[in-house]
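In: Need the 3D shape of this:
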Amino acid sequence: MEIKQAYANSPKTYEGYGSRLGVQKGAILDWSDYYFLHHLPLSLKDYNKWPSLPAHCREVIDEYGKEVVKLCGRLMKLLSINLGLAEDVLQNAFGGDNIGACLRVNFYPKCPRPDLTLGLSSHSDPGGMTLLLPDAQVPGLQVRKDNKWITVKPARHAFIVNIGDQIQVLSNAIYKSVEHRVIVNSAKERVSLAFFYNPRSDIPIEPLKELVAPDKPALYKPMTFDEYRLFIRTRGPRGKSQLVESLKSP
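Out: Numbering: from 1, shown residues only. Next comes the predicted model:
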């Protein structure tokens, strides 16, 4: 605990060690610890909050972040092409090379009463895209489809790619962000790495003009990623339906 406190997360940047606990009265408690690290922009990176042990830890995390950013860039091109747009349109809407990226390492301890808790409550990711490296041995991620929760079976050496709310907005809801949650296990602990690829925080995000027409009006008003995150924090843990869906224009 003494070492954990030395790396406790900063209230300003969230960087460092933290623990998720339900704060709403009567809410299902989250059952997890996490380690949150900024990769981009460099101005948010605080190496004092990065683990110094083992000795190569920082180097490995840095290299991992650089490679996953490259992969996200390639996926952004594919997502743009799939919308019938030039390959750089989505990336440019994110801010070009000036984007945000961060890593959250999730630890879900064994839980004696998994029926009373969730590892992570129902939500969609507020950012652009999430590349999740799951625990190949212990399933835990569930996605909502047709109002049913389906447990994702991890494929070894494969990422799970989640579309986030910002891409839903940019695509005018052609792409849908994924509502998901994490269940815990009474017999096994679980670790996962979630890498978040986000737009620059101060750029207004709105439906791309190429995807808006008289018969397909813009479903969302412009909002920066900073404004959207603040909106989410004031609303609390209410799943996807009351967040990005609640912002749709009448």
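
In: Which positions in stretch 121-137 come out as buried?
Out: Neighbour counts over stretch 121-137 (16 or more other CB atoms under 10 Å) mark 121-135 as buried. C-beta coordinates here come from the backbone N, C-alpha and C atoms, glycine included.

In: Grab the most central residue of this protein for me.
Out: residue 125 (4.3 Å; CA atoms, centre = their mean).

In: and the gap between the residue nearest to residue 17 when sequence neighbours are not counted and residue 105?
Out: Once flanking residues are discounted, residue 17 sits nearest to residue 7: 4.5 Å by CB to CB, 6 or more residues apart in numbering. Separation of residue 7 from residue 105 (CB to CB, to the nearest Å): 12 Å.

In: which residues are in contact with both of the two?
Out: Listed as contacting both residue 7 and residue 105 by CB atoms under 8 Å, 6 or more residues apart in numbering are residue 35.

In: which element follows the longest helix along the chain toward the C-terminus?
Out: Once the chain is assigned using DSSP state H, the helix that runs over the most residues is helix 57-82. Per DSSP states H and E, helix 57-82 leads on to helix 89-94 as the next helix or strand towards the C-terminus.

In: For residue 230, list the residues it contacts.
Out: Applying CB under 8 Å, 6+ apart to residue 230 gives no contacts.

In: So it, which state does it fall into?
Out: Using DSSP: H, G, I helix; E, B strand; the rest coil, the three-state assignment for residue 230 comes out as helix.

In: and it, what pLDDT?
Out: As predicted, residue 230 sits at a pLDDT of 88.

In: Would you verify that the residue nearest to the centre of the chain is located in a strand?
Out: No: Residue 125: not assigned to a strand; according to three-state DSSP it is coil.

In: Quick check on the residue of the chain most remote from its centre: phi, psi?
Out: In the chain, counting by CA atoms, centre = their mean, residue 214 sits farthest out from the average C-alpha position, at 32.6 Å. The phi and psi values for residue 214, taken as degrees, to the nearest 10, are phi -50, psi -40.

In: any idea how far it is from residue 38?
Out: On the measure of CB to CB, residue 214 and residue 38 end up 42 Å apart.

In: before we move on, what about residue 149?
Out: Applying CB to CB to residue 149 and residue 38 gives a distance of 31 Å.

In: Count the neighbours of the residue nearest to residue 47 when sequence neighbours are not counted for me.
Out: Setting aside the residues directly before and after it, residue 47 is nearest to residue 58 in space (CB to CB, 6+ apart), at 6.8 Å. Residues within reach of residue 58, counting by other CB atoms under 10 Å, total 15.

In: do the same with residue 208
Out: Residue 208 has 20 nearby residues by other CB under 10 Å.

In: same thing with residue 226?
Out: Here the number of neighbours of residue 226 (other CB under 10 Å) works out to 13.

In: same thing with residue 17?
Out: Residue 17 - counted by other CB under 10 Å - has 19 other residues nearby.

In: my read: it touches residue 10, true?
Out: No: taking contacts as CB atoms under 8 Å, residue 17 lies outside contact range of residue 10: 10.4 Å.
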